[in-house]
Structures are given as structure tokens and as C-alpha cells.
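In: please work out how this folds:
(2 chains)
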Amino acid sequence: DTAVSQTPKYLVTQMGNDKSIKCEQNLGHDTMYWYKQDSKKFLKIMFSYNNKELIINETVPNRFSPKSPDKAHLNLHINSLELGDSAVYFCASKGLDNEQFFGPGTRLTVL
Amino acid sequence: AQSVAQPEDQVNVAEGNPLTVKCTYSVSGNPYLFWYVQYPNRGLQFLLKYITGDNLVKGSYGFEAEFNKSQTSFHLKKPSALVSDSALYFCAVSNTGGGNKLTFGTGTQLKVEL
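Out: Residues are numbered from 1 along each chain as shown, chains lettered A, B, ... in the order given. The predicted model follows:
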């Protein structure tokens, strides 16, 4: 009965590779997000989708491409991975009154 | 632009003592304010929120927070700290107009010692 789930939990890859992270929520929410948490634990929003439409794009390199096949899923595809992409990526969905529910995170390590 | 400041990187408190984690915010319009907690290698867990109404809001695990509009603050408090409260705490703000974007503070590491 996990509310927001992400796969994989850990992702280790080489520079230059392309990888995807998947997110699913079973809360019936219309809005979903991707956040990046860096090594200093700073959290920054990357993207937001509302019912499959992109509504927030926070100056993220275009190597990052979110895709929302339906309102319960928001996937993140990253092309040509760089060392600086190493971080923990969190998916979230928004309930009433802007309260957000977070997934467990995906720790991406680029070697 | 909206922003959140958490002026303390770390707060140390003895178990059983009261704790306060500070947060101030800047936002146009009326704020929605939130506290989240992150345990090691885990996602963020919602603690409490202020939307409207009473300035003192109560949340999970005995935590509460006081909204102070004149000081633009939303400090997190607990009357009696537990060792298990040790974690990273984030304050966040969004405005009532835009509604979709949460801006987080830099986080405060709470350490509760015996």
C-alpha cells in the first residue's frame, strides 16, 4: 500500500550513459514532482506535472526529460550523465492544501 | 520569489528538554507553511502544516509549530525531546496563489542526546 514508490532505489552508472527513474503514486493526486537533493542535503525542485501536463521546469539542463504517461506516473530520463548529476532524486505528489508526499528516493551515482 | 531560512545547521538538545528548530520565510501573499523530517537514507515525511486558522498547529510525533505573521516565522517545537527525534528537519513554504511550488529551507540537523 505504498503511497509514492520509486524504482530503482540505487543506480550506479558511468558518465555518458542514459538512465531512467520511475515514479508511481496510488493516492489519486493530479500533481507530481521531481526534486534533486545534493550532497549537502539541499532540496531543489526540478519539474512538476499536473495531470500529464508540464507546469514547472526549473532551469534544469535539457538532458533531463520528464515523462508522464498518466497522472499516476512521472518518470525521469537523463541523457549523457555527468558526475554532477550524482544526487538523490525524490518524486512527490501533491494532496489537498499543497501537502506533498514523498517517495523513498533514488540514489544516483555517476562514476 | 519565495524563500525559507533555517539559520541553524544543527541543534543539540538533551533528551527530555524542550526543542526549537527555527524557520523564517518570505513569500508574496498568504503562505502555506510545512515541516518535514528526513531520517537517514529515507524520504521526507510530513510533520505538520499551517494553512489558515490557529497560529499554533499540532502535528505528528508530538511536534507543534507556531505561525507568527509579523515575524514571518514558523518555528518547530516539541515540549520534551526524544533520542528518536534525531533527524534532519526541513521547513518549506508555498503561496496560496501559485500553489504548486514548494521552496525548502536548507535543513536543520537535530541531535538529541541522553
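
In: so, low pLDDT: which residues of the chain?
Out: Since no chain was named, I'll use chain A. Low-confidence segments of chain A, defined by pLDDT under 70: A:1-2.

In: oops, chain B please
Out: Using pLDDT under 70, chain B drops low at B:96-100.

In: so which bits of it are right by chain A?
Out: Listed as neighbours of chain A in chain B under the rule Cβ under 8 Å from any Cβ of the partner chain: B:32, B:34, B:36, B:38, B:41-46, B:49, B:51, B:88, B:90, B:94, B:99-104, B:106-107. The C-beta positions use only the backbone N, C-alpha and C, and glycine is treated the same way.

In: how close does the residue lying closest to residue B:14 once chain neighbours are set aside get to residue B:10?
Out: Excluding its sequence neighbours, the residue lying closest to residue B:14 (Cβ to Cβ, 6 or more residues apart in numbering or on different chains) is residue B:113, at 5.9 Å. Per Cβ to Cβ, to the nearest Å, residue B:113 is found 12 Å from residue B:10.

In: re the thing from before, could you flag which of the residues of chain B next to chain A are buried?
Out: Buried members of the residues of chain B next to chain A, counted by 16 or more other Cβ atoms under 10 Å in any protein chain shown: B:32, B:34, B:36, B:38, B:43-44, B:46, B:49, B:51, B:88, B:90, B:94, B:100-104, B:106-107.

In: show me the residues you listed that map onto strands.
Out: Among those, DSSP state E puts B:32, B:34, B:36, B:38, B:44, B:46, B:49, B:88, B:90, B:94, B:103-104 in strands.

In: using CSV, write down the CA coordinates of stretch A:24-36.
Out: What follows is stretch A:24-36, C-alpha atoms only, in CSV (Å, rounded to 0.1, in the frame of the first residue of the first chain):
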residue,chain,number,x,y,z
GLU,A,24,4.2,5.9,-9.3
GLN,A,25,1.7,7.2,-6.8
ASN,A,26,-1.5,5.5,-5.8
LEU,A,27,-3.0,8.5,-3.9
GLY,A,28,-5.1,9.7,-6.8
HIS,A,29,-3.3,13.1,-6.9
ASP,A,30,-3.2,15.2,-10.0
THR,A,31,0.2,16.8,-9.4
MET,A,32,3.6,15.2,-9.2
TYR,A,33,7.1,16.5,-8.8
TRP,A,34,10.8,15.6,-9.2
TYR,A,35,13.3,17.0,-6.7
LYS,A,36,17.1,16.7,-6.5
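
In: only the buried residues of it, if you could.
Out: Result for stretch A:24-36 [16+ other Cβ under 10 Å]: buried residues A:24-25, A:29, A:31-36.

In: are that stretch and chain B in contact anywhere?
Out: Yes - judged by Cβ under 8 Å from any Cβ, stretch A:24-36 and chain B are in contact via A:31, A:33.

In: pipe the buried residues of stretch A:24-36 into JSON lines and attach secondary structure per row.
Out: Formatted as JSON lines, these follow (DSSP: H, G, I helix; E, B strand; the rest coil):
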{"residue": "A:24", "secondary structure": "strand"}
{"residue": "A:25", "secondary structure": "strand"}
{"residue": "A:29", "secondary structure": "coil"}
{"residue": "A:31", "secondary structure": "strand"}
{"residue": "A:32", "secondary structure": "strand"}
{"residue": "A:33", "secondary structure": "strand"}
{"residue": "A:34", "secondary structure": "strand"}
{"residue": "A:35", "secondary structure": "strand"}
{"residue": "A:36", "secondary structure": "strand"}
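
In: can you give me the strands in chain A?
Out: Going by DSSP E, chain A shows strands at A:4-7, A:10-13, A:19-25, A:31-37, A:43-50, A:53-57, A:64-70, A:73-78, A:87-94, A:100-102, A:106-110.
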